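# sequence first, then the predicted structure, then my questions.
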Amino acid sequence: MAALDLTHLTDNIKKTKNWSIHRKKMYAMGLMHELYITDGSLDAEHSIIPASDRLLTAQLVSEVLDQLIEYDEITIFEEMVEKSESINAKLQFSHILTFNDEAGIQYILNSNSWLKILNDSKDLALVITGNLVGNFTFFIEKSNGVFEKKCITFSKNGIYRLTHAPVGQIYLTTNALKIDKN
């Protein structure tokens, strides 16, 4: 979406503050279908780019998401991450993503999926728009050097909490984001 459209959108969201919960949720569902960050790609093979490369758009989209959360128009999906085995051996990671403490979108996986630091808790979240279906797998290194594999399956638009504590880095393999082709 263009920056001007996103600016108008933040003003429009403020008008929904006193709407019924059902009307707010329906409005948010429509927005989540249409939100995207330009210059990305729907191709899962597309390289991950820092949000700073699309700074204005990423900031405005993040503000829209924060407003939708604040006005109870969308809720964050909890407990969706599946933890699996811990791995001692060094894997071949194609990306090591480093996060700072600033709330907002920090990495763009493609036009319709981003990694965001949440305002309230500084937790890491995956944002999905555009009705994508698929899964996202990532690794977190524990203090003992062991990597814990985590996977989340998504089937609808929304914000999926990935961690319940601030995280400094996550590690991704080549096919971390898999999008089902319908």
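Everything's here; your move. Numbers count the residues shown, from 1 in each chain.
# every contact and neighbour count from this point should use C-alpha atoms.
Noted.
# so, low pLDDT: which residues of this protein?
For the chain, applying pLDDT under 70 flags the ranges 1-4, 38-47, 88-90, 182.
# if we go to 50?
40-45 (pLDDT under 50).
# helices along that one, start to end?
3-14, 21-34, 55-70 (DSSP state H).
# next, the contact list for the closest residue to E148 other than its chain neighbours, please.
Using Cα to Cα, 6 or more residues apart in numbering and skipping residues adjacent in sequence, the residue nearest E148 is S86, 4.4 Å away. Taking Cα atoms under 8 Å, 6 or more residues apart in numbering as the criterion, S86 is in contact with V146, F147, E148, K149.
# out of the helices of the chain, nearest to F93?
With Cα to Cα as the criterion, F93 lies closest to helix 55-70 of the helices of the chain, at 25.5 Å.
# tell me what the closest one is packed against?
Helices and strands touching helix 55-70, by 3 or more Cα pairs under 8 Å, 6 or more residues apart in numbering; DSSP states H and E, are helix 3-14, strand 104-110.
# which of these is buried the deepest?
strand 104-110 (a mean of 25; mean count of other Cα atoms under 10 Å).
# and it, what does it pack onto?
Against strand 104-110 (3+ Cα pairs under 8 Å, 6+ apart) you get strand 49-50, helix 55-70, strand 113-117.
# tell me the most buried of the ones you listed?
Comparing these by mean count of other Cα under 10 Å gives strand 113-117 as most buried, with a mean of 26.
# strands paired with that one, and their directions?
In the sheet, strand 113-117 lines up against strand 104-110 (antiparallel), strand 124-128 (antiparallel) (DSSP bridges).
# centre of the chain to the first one, how far?
Okay, so that is strand 104-110. Centroid separation for strand 104-110 versus its chain: 7 Å, with Cα atoms, centre = their mean, to the nearest Å.
# then the last one?
Relative to its chain's centre, strand 124-128 lies at 2 Å (Cα atoms, centre = their mean).
# count of residues packed around T75?
Neighbourhood size, T75 [other Cα atoms under 10 Å]: 14.
# whoops, Y27 was the one
17.
# and it, what does it touch?
So Y27 contacts E73 (Cα under 8 Å, 6+ apart).
# ok, it to D123 distance?
25 Å (Cα to Cα, to the nearest Å).
# again with L9
Taking Cα to Cα, one finds L9 at 25 Å from D123.
# F139: which of the contacts of S86 is nearest?
Closest to F139, out of all of these and judged by Cα to Cα, is K149, at 4.6 Å.
# which ones are touching the closest one?
So K149 contacts K83, S84, E85, S86, I87, T137, F138, F139, I140 (Cα under 8 Å, 6+ apart).
# same question, K25
D72, E73, I74.
# which of the residues you listed are buried?
Among the contacts of K25, those buried by neighbour count (16 or more other Cα atoms under 10 Å) are E73, I74.
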